[in-house]
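**Q** how would this look folded up:
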Amino acid sequence: MTLIPVKKTHRRARHLPAWGMWGVCVSLATFLTGCFTGIESTKKIELSRGDMKMTAPSPEKLYLDSILAAPLGQWDIGKRFLATDDRSSLMFLPRSLPHDTVKLGGKVLCYEGTETTLRPDGTEGLLLRLAADGHTYLYDTDKTPADARETFTSDVMETFVDLDLVAALDHLMEGQTLYTRTPVWYDPQEKLMTGRKFVPVTVDSVTPGTLVFPVRVWFTDPERNVSAHMLMSLPRHTGAASRRFQSLFLLSDLKKRYPGIDNEVWRLIQEGKVRQGMTKEECRLSLGEPADAYSGHNYAVRLDTWTYDGGRFLQFEDGLLVNFRI
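**A** Predicted structure coming up:
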């Protein structure tokens, strides 16, 4: 008996010949078997030592792990907070403000304890009592008394900086030699200055920062005898991830990992500059990862274009920089 295959598969099964229906049933059974026995049939994937090393947290990411904001139940009376902006008054309950306009920016408030409040839904809440200039302000934790004492921490208090955390950072970092990872530095007058990447600096102190970046790390560039600082986020801060410690500093000299880069090119990398003939890796060290990258070929030559924000671009031929706009 000769079977003649069907040229076109119809949606309705009744149009399929008997052998076609049998094939569909076998395929469906195979599919369902694969679905329901996936545990037995799926091969276990194991990471190599190299992959595990690449996915492990860097030493820089782990550096500030010991700096933790204590839960409310461990706070001492007198614990201090810096109001980074006049808008800090908006964080308090209106009924606790002495008048409509309260300027708290730059003032230190002290923790006086807590008090409970009854919410409209009948549940009990916990309020913080923070005092400055002889007046007590009420901050709503948005938690029940039990939850607040266990889980409420100071790093969720927007516009305020926990001075205990700043002191802990200062104790850990003061006197340490770190290597800069960004040329975005600020001078003692808080004006933006052009710094250098991957140079050793000595940390002088850690002080409170701004509304967005709660910490300032002050340091000295001994080679140029320059004092400067960087703005940094607090550990585990929910915002401004781009300015965490691991984005600003390295714990070791990166240059030792690239012995093949000559001193002149390394100087350009430190200053965030490029020149023709630099490799992709050298350009990446200097300018960071591109926003987009495009690849192609021109006869036997491989062409790559990297684009950055602001209309900046790099063009490579066979991996070497031939044209750019920075």
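**Q** drop to CA atoms for contacts and neighbour counts, all remaining ones
**A** Fine.
**Q** need the strands for the stretch 151-300 of the chain, in chain order.
**A** Secondary structure of the stretch 151-300 of the chain (DSSP state E, counting those that start in this stretch): strands at 160-162, 177-180, 184-186, 192-194, 200-208, 215-221, 226-232, 249-250, 292-298.
**Q** helices or strands up against the biggest strand by length in the chain?
**A** When the chain is scanned for its longest strand (criterion: DSSP state E), the result is strand 108-118. In this structure, strand 108-118 packs against strand 80-83, strand 124-132, with contacts taken as 3 or more Cα pairs under 8 Å, 6 or more residues apart in numbering; DSSP states H and E.
**Q** where in the protein is pLDDT low?
**A** Scanning the chain for pLDDT under 70 picks out the ranges 1-55, 236-241.
**Q** rerun at 80
**A** Applying pLDDT under 80 to the chain picks out residues 1-56, 100, 235-242.
**Q** who are the contact partners of Gln246?
**A** Taking Cα atoms under 8 Å, 6 or more residues apart in numbering, we find Gln246 in contact with Glu60, Lys61.
**Q** any idea how far it lies from Ser58?
**A** 8 Å (Cα to Cα, to the nearest Å).
**Q** next one: Arg149
**A** Relative to Ser58, Arg149 is positioned 32 Å away (Cα to Cα).
**Q** the more surrounded of those two?
**A** Between Arg149 and Ser58, counted using other Cα atoms under 10 Å, the more crowded position is Arg149 (18 against 13).
**Q** what kind of secondary structure is that one in?
**A** With DSSP: H, G, I helix; E, B strand; the rest coil as the basis, Arg149 sits in helix.
**Q** offset the numbering so it begins at 23, please.
**A** Understood, numbering begins at 23; the last thing we discussed is Arg171.
**Q** excluding chain neighbours, what is closest to it?
**A** Gly95 (4.3 Å; Cα to Cα, 6 or more residues apart in numbering).
**Q** I figured the one you found was touching Glu172, is that so?
**A** Yes: if you go by Cα atoms under 8 Å, Gly95 and Glu172 touch, sitting 6.2 Å apart.
**Q** what's around Val237, how many residues?
**A** Neighbours of Val237 (other Cα under 10 Å): 23.
**Q** so who does it touch?
**A** Applying Cα under 8 Å, 6+ apart, the residues near Val237 are Val188, Val228, Thr229, Pro230, Gly231, Leu253, Met254, Ser255, Leu256.
**Q** where along the chain do the helices fall?
**A** In the chain, the segments counted as helices under DSSP state H are 40-58, 60-63, 71-77, 81-84, 167-173, 185-195, 267-270, 285-292, 302-309.
**Q** how about TSV for the contacts of Val237, with distance to Gly128 and neighbour count added?
**A** Shown next, in TSV, are the contacts of Val237 (distance: Cα to Cα, whole Å; neighbours: other Cα atoms under 10 Å):
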residue	distance to Gly128	neighbour count
Val188	15	22
Val228	17	24
Thr229	13	17
Pro230	10	24
Gly231	10	20
Leu253	17	24
Met254	18	25
Ser255	18	21
Leu256	18	28
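**Q** now, which of those residues sits nearest Asp108?
**A** Gly231 (14.4 Å; Cα to Cα).
**Q** contact partners for the closest one?
**A** Gly231 neighbours (Cα under 8 Å, 6+ apart): Thr106, Val237, Arg238, Leu253, Met254.
**Q** dump those to CSV, plus distance to Asp326.
**A** Output for these, formatted as CSV (distance: Cα to Cα, whole Å):
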residue, distance to Asp326
Thr106, 46
Val237, 39
Arg238, 39
Leu253, 35
Met254, 34
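**Q** Leu160: which of those is nearest?
**A** For the contacts of Gly231, the nearest to Leu160 is Thr106 (17.3 Å; Cα to Cα).
**Q** the closest one: neighbour count?
**A** 23.
**Q** shouldn't it be in contact with Val183?
**A** Yes: counting by Cα under 8 Å, Thr106 touches Val183, with 7.2 Å between them.
**Q** quick one, phi/psi of Lys125?
**A** Taking degrees, to the nearest 10, you get phi -100, psi 110 for the backbone angles of Lys125.
**Q** could you measure from the spatially closest residue to it that is not a sequence neighbour over to Tyr133?
**A** Setting aside the residues directly before and after it, Lys125 is nearest to Asp108 in space (Cα to Cα, 6+ apart), at 4.8 Å. Using Cα to Cα, Asp108 is found at 19 Å from Tyr133.
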